[in-house]
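*Asks:* After the sequence you'll find the predicted model.
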Amino acid sequence: MNFFDAIALIVIAYVLPIPFAWYIVHNKIKIFIRLGYFNYILSYGTCFAIGYFLFVVHPQLSLFKLSTYYTFIPGIVIALFVIYLDIKRQATFPFRTLIGLPEFMPRKYKSKLITSGIFGYIRHPRYLEYILSALAMAFITGLIISYIFFIYTLFAFNILAGIEEKELVQRFGKKYLAYMKKVPRFIPKL
């Protein structure tokens with residue numbers, strides 16, 4: 001297994017359970033909200049289990065590969081763009097919000113609507129990062145599982161964004177509705 005294949009499998013293991021975990025959070029399934037910090041143990045345990053499975057079966061996964069002759073450089077460019085997006089997102093989106101503390105512990109951690117920085121251009125930069133990371137890994141490695149994973153991220157994070165937006169409308173009301181009209185979900189207005 002080469003370096004890029006290993007990174008692709010790590011990205012898949014890390015990102016694959018995220019839509020399920022956030023679906024639970026944004027639908028306020030009470031048993032998970034009551035678990036508090038234990039949710040992180042469940043999430044990372046799931047990532048570890050998926051990662052272990054992927055690395056055990058990686059020789060079989062590596063057999064299904066496309067040529068990266070034309071896609072490697074675009075994959076690197078997309079990966080660099082993801083890093084840029086992440087830096088921009090970190091400037092206005094605190095870590096405690098990123099890991100869901102306002103959702104898990106709303107009494108202790110207050111949430112506020114963030115509309116500045118990268119959030120002034122797109123509503124879900126973190127989800128866009130996940131989608132573009134999957135595309136970059138598919139282009140760089142050529143692994144068929146990475147292409148399948150990219151399709152999964154397109155659907156999963158689009159659905160999750162819709163679910164999250166319903167919850168944010170409940171939380172922030174007209175302010176969020178106005179924000180939704182002004183700022184697109186994933187692709188910024190030119």
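*Replies:* Great, that's in hand.
*Asks:* in this protein, which spans are helices?
*Replies:* Listed in chain order, the helices of the chain (DSSP state H) span 3-15, 18-26, 30-35, 38-56, 58-62, 72-92, 95-98, 101-104, 125-141, 144-172, 174-182.
*Asks:* which residues does the closest residue to residue 150 other than its chain neighbours contact?
*Replies:* Leaving aside its sequence neighbours, residue 150 sits nearest to residue 134 (CB to CB, 6 or more residues apart in numbering; 4.0 Å). Any C-beta I mention is one placed from the backbone N, CA and C, and that applies to glycine too. Remark: with contacts taken as CB atoms under 8 Å, 6 or more residues apart in numbering, residue 134 is in contact with 11-12, 15, 146, 149-150, 152-153.
*Asks:* Quick check, residue 98 in contact with residue 126.
*Replies:* Yes. Taking contact to mean CB atoms under 8 Å, the distance of 7.0 Å between residue 98 and residue 126 places them in contact.
*Asks:* The two - which one has more neighbours?
*Replies:* Per other CB atoms under 10 Å, whichever of residue 98 and residue 126 has more neighbours is residue 126, with 19 against 11.
*Asks:* got the contact list for that one?
*Replies:* Neighbouring residues of residue 126 by CB under 8 Å, 6+ apart: 89, 93, 98.
*Asks:* what's the neighbour count on the second one?
*Replies:* Around residue 93 sit 18 other residues, with neighbours defined as other CB under 10 Å.
*Asks:* In contact with it, which residues?
*Replies:* Counting by CB under 8 Å, 6+ apart, residue 93 touches 114, 117, 119, 125-126.
*Asks:* Next one: the residue nearest to residue 150 from residue 71, what distance?
*Replies:* As defined by CB to CB, to the nearest Å, residue 134 lies at a distance of 13 Å from residue 71.
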